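Undergrad: Coordinates for the following, if possible.
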Amino acid sequence: MKPTDLLFQHVSRRALAGAIAIASLTLLSSLGLMVLSGWLITRAWQAPPILDLAVAITAVRALGLSRSVMRYVDRIVTHRYALSALSSLRVQVFQAAVSQGHVSDTQAQRALGADAQRVTDLIVRSIVPRGVAVALSVLAVAGAVCLLPFAGLVLALGLLLTGVVIPRWVGSDRWQAIHTAEVAARDQLDESLDAVLNHRVEFQAAGMGDRRNARVVADSQNMATVSAHRLKRLAAIDASVVAVSGCTLLLVTGLGLHFYQGSPMWLGMLVLLAMSAFESHAPLVEAATHHMIGTKAAQRMTAFMEQAVEFPAPGIANATEGPELRVEDLTCAWGDNTWNFDVEFGQRHVIRGPSGCGKTTLLRTIAGLSPVVSGSVTIAGHTDTHSLRTWTRLFSEDGYIFATSIRENILVACPNASDELMYSTARAVGLAPWLDAHDGLDTILSDGAESISSGQRRRLLLTRALCSTAPIVLLDEPTAHIDDADGRRLLHMLLHEPLPGALPQRSVIVVTHMQ
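TA: I've put the predicted structure just below:
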């Protein structure tokens, strides 16, 4: 899988050609500035009338200004395309992760984060630098051939070595193995560090805190060792680029001194032209490195997205159709239980059991987010994943709280919900007193879930669930972290009383430890 195949789905070739053209103008300004400055110095040595140099002096100033301006425009345009492609690519990856449902968090995070970044980095770090190098090399060789054909041939050979041969070393199997080891070490460090930062309390409670911290330190040291090994080899390759560039300049200078018959001023231009041409080749080794990294990332992302289940985005079916849920001889991906139960439309069903028996996995399977191992889940006569996701909504115990207002956090489940509906539902679950003490639905949770207590977080998630228009609602531990009295009141409301929220008549399946 070529990384450009994946990248060109999100950025056009015309846009990349424009970015390369603008970046080329930047180095053309630099090239013109050096050549014209050299000409101006050698011409001024002949002490001509000052008016003979006026145009050259003005051109030097213009080129100096244009180089800075074009560099700024180059960065803006190139990064705009890269960030736009990154945003679009992450949407594609997220949709693939949602369609799979049971994808691991680590796999999804790598695809959404590091791998997507590595692929779109190709625009700034590989494609544009390579395009600029080609454009500048052609112009420099053409100029050198016009002044001294044999010197142009030597310059072309030197540019071929620094622009093609040496960067190809980076694509060797040995070099790829080094980079693969570095990427694996970095991913391992990210995974272990993420686990420690997000589960430090649990690790400490289980007596595993010191062990997990030591693992992070070991992973960090391993990554540093692998990175140092790569950087040593990269330094040797960079040194070879400098050596080839220097030898080429010496050869061009020697050829010019022995064979050039024109004005001495243009002899200086020949040397400066060759010197400027190699400037565009400086980032090519790094560009080859990023191309290799992007290729590996594109292969992983393509494999990840090819696992996606192809079906339309789930909607909410019409609740008046009264879907019946039937679970028959169901075995889930986690737990040893075999589940059998029927839930008529409008009924409430509670599932109790010890931790680890597979209750949460059961809800995920009913919602079409985890695979069925054996048996079946049937809703309204359908067993396909699309139908399961259409009729149900799962509200997990660790549902995400966004760093925005209470209103926006509830509207995630039902974008058309009115303020009256949201507030009345919040009152029914006991969240209204907290809202009244703050700014109501406009209360901003600046730190997301960290801005509220665990109990208020559960009430907010329950409000979100009841404001949804799903005919079948699956609630995972809705009374967790709520005091016993209020928890029992909420559980009684969910199982026996008229439901608040968008639909007073719907099926509710509750997983709870509460008796």
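Undergrad: the strands in the stretch 251-400 of the chain, which residues?
TA: For the stretch 251-400 of the chain, the strands defined by DSSP state E, counting those that start in this stretch occupy 325-331, 339-343, 348-351, 374-379, 392-395.
Undergrad: same for the following helix or strand past the last one, what does it pack against?
TA: If you walk from strand 392-395 toward the C-terminus, the next helix or strand you reach (DSSP states H and E) is helix 406-411. Using 3 or more C-beta pairs under 8 Å, 6 or more residues apart in numbering; DSSP states H and E as the contact test, the elements touching helix 406-411 are helix 419-428, helix 454-467. To be clear about C-beta, it is placed using only N, CA and C from the backbone, and glycine gets the same treatment.
Undergrad: Check what contacts helix 406-411 and list those residues.
TA: 401-402, 417, 419, 422, 426, 435, 440-443, 445, 460, 463-464, 467 (C-beta atoms under 8 Å, 6 or more residues apart in numbering).
Undergrad: Of the residues you listed, keep whichever come out buried.
TA: Among the contacts of helix 406-411, those scoring as buried are 401, 417, 422, 426, 435, 440-441, 443, 445, 460, 463-464, 467 (criterion: 16 or more other C-beta atoms under 10 Å).
Undergrad: now the helices and strands packed on helix 406-411 in a markdown table, with mean pLDDT and distance to T360?
TA: Listed next are the helices and strands packed on helix 406-411 as a markdown table, based on pLDDT from 0 to 100; distance: least, C-beta to C-beta, whole Å:
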| stretch | mean pLDDT | distance to T360 |
| --- | --- | --- |
| helix 419-428 | 93 | 24 |
| helix 454-467 | 92 | 14 |
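Undergrad: So which of those is nearest A184?
TA: helix 454-467 (36.0 Å; C-beta to C-beta).
Undergrad: Output the below-cut-off pLDDT ranges for the stretch 201-350 of the chain.
TA: For the stretch 201-350 of the chain, applying pLDDT under 70 flags the ranges 264-265, 307-321.
Undergrad: What is the neighbour count of A206?
TA: Summarising burial for A206: neighbours were counted as other C-beta atoms under 10 Å, giving 11.
Undergrad: Quick check on it: phi, psi?
TA: phi -90, psi 0 (degrees, to the nearest 10).
Undergrad: residue contacts, L86?
TA: Here L86 is in contact with 116-117, 120 (C-beta under 8 Å, 6+ apart).
Undergrad: make it 10 Å
TA: 10-11, 79, 116-117, 119-121, 123 (C-beta atoms under 10 Å, 6 or more residues apart in numbering).
Undergrad: Looking at the buried ones among the contacts of helix 406-411, spot the one nearest A367.
TA: R464 (15.4 Å).
Undergrad: still on that earlier bit, possible to save the buried ones among the contacts of helix 406-411 as CSV with distance to S88?
TA: Output for these, formatted as CSV (distance: C-beta to C-beta, whole Å):
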residue, distance to S88
I401, 27
A417, 29
M422, 32
A426, 36
L435, 37
G440, 36
L441, 32
T443, 33
L445, 28
L460, 31
T463, 33
R464, 28
C467, 31
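Undergrad: picking that back up, which two of the contacts of helix 406-411 have the greatest separation?
TA: I401 and D419 (19.3 Å).
Undergrad: now the strands for the stretch 101-250 of the chain?
TA: Counting by DSSP E, counting those that start in this stretch, the stretch 101-250 of the chain contains no strands.
Undergrad: What subset of the contacts of L86 is buried?
TA: Counted by 16+ other C-beta under 10 Å, the contacts of L86 give 10-11, 116, 119-121, 123 as buried.
Undergrad: Of those, which belong to helices?
TA: 116, 119-121 (DSSP state H).
Undergrad: that older thread, if you compare the strands of the stretch 251-400 of the chain, which one is most tucked away?
TA: strand 392-395 (a mean of 23; mean count of other C-beta atoms under 10 Å).
Undergrad: what sits up against it?
TA: By C-beta under 10 Å, 6+ apart, the list of residues contacting strand 392-395 reads 101, 314, 316-317, 323, 325, 360, 363-369, 377, 379, 413-414, 461-462, 464-466, 468-478, 506-507, 509.
Undergrad: Parallel or antiparallel, which strands does that strand pair with?
TA: Neighbouring strands of strand 392-395 in its sheet, by DSSP bridges, are strand 472-476 (parallel).
Undergrad: Report the distance from the partner strand to the chain centre.
TA: Remark: strand 472-476 is offset 31 Å from the chain centroid, using C-alpha atoms, centre = their mean, to the nearest Å.
Undergrad: Please apply the same query to stretch 438-445.
TA: 31 Å.
Undergrad: what's the span of that stretch, first residue to last?
TA: 11 Å (C-alpha to C-alpha, to the nearest Å).
Undergrad: Same question for stretch 349-365.
TA: 16 Å.
Undergrad: buried set for it?
TA: Buried residues in stretch 349-365 (16+ other C-beta under 10 Å): 349, 351, 358-365.
Undergrad: Could you do stretch 424-437 as well?
TA: Quick answer for stretch 424-437 (16+ other C-beta under 10 Å): 424-426, 428-432, 434-435.
Undergrad: got the contact list for that stretch?
TA: With C-beta under 10 Å, 6+ apart as the test, stretch 424-437 has contacts from 406, 410, 417-418, 422-423, 440-443, 452-453, 455-456, 458-467, 478, 482, 486, 489-490, 493-494, 497-502.
Undergrad: Just the terminal-to-terminal distance for that stretch.
TA: For stretch 424-437, the end-to-end distance is 16 Å (C-alpha to C-alpha).
Undergrad: is it true that S276 touches L136?
TA: Yes - when contacts are counted by C-beta atoms under 10 Å, S276 is listed as touching L136 (7.9 Å).
Undergrad: what's the overlap in contacts for those two?
TA: Joint contacts of S276 and L136 (C-beta under 10 Å, 6+ apart) are 27-28, 30-31.
Undergrad: Could you list which residues are in contact with the residue nearest to the spatial centre of the chain?
TA: A centroid search over the chain (C-alpha atoms, centre = their mean) returns G113, at 3.4 Å, as the residue closest to the centre. When contacts are counted by C-beta under 10 Å, 6+ apart, G113 is found next to 90, 93, 187, 190.
Undergrad: Most neighbours out of those residues, which is it?
TA: V93 leads these on contacts (other C-beta under 10 Å) with 21 neighbours.
Undergrad: Looking at the helices and strands packed on helix 406-411, spot the one closest to D219.
TA: Distance to D219, taken as C-beta to C-beta, is lowest for helix 454-467 among the helices and strands packed on helix 406-411, at 30.6 Å.
Undergrad: Report the angle between that closest one and strand 472-476.
TA: 170 degrees (axes from the mean of the first three to the mean of the last three C-alpha atoms, to 10 degrees).
Undergrad: Could you tell me which residues within helix 454-467 count as buried?
TA: Going by 16+ other C-beta under 10 Å, helix 454-467 has these buried residues: 455-467.
Undergrad: what's the neighbour count on the nearest residue in space to H382 that is not next to it in sequence?
TA: Nearest residue to H382, sequence neighbours excluded (C-beta to C-beta, 6 or more residues apart in numbering): L388, at 7.7 Å. Using other C-beta under 10 Å, L388 is surrounded by 23 other residues.
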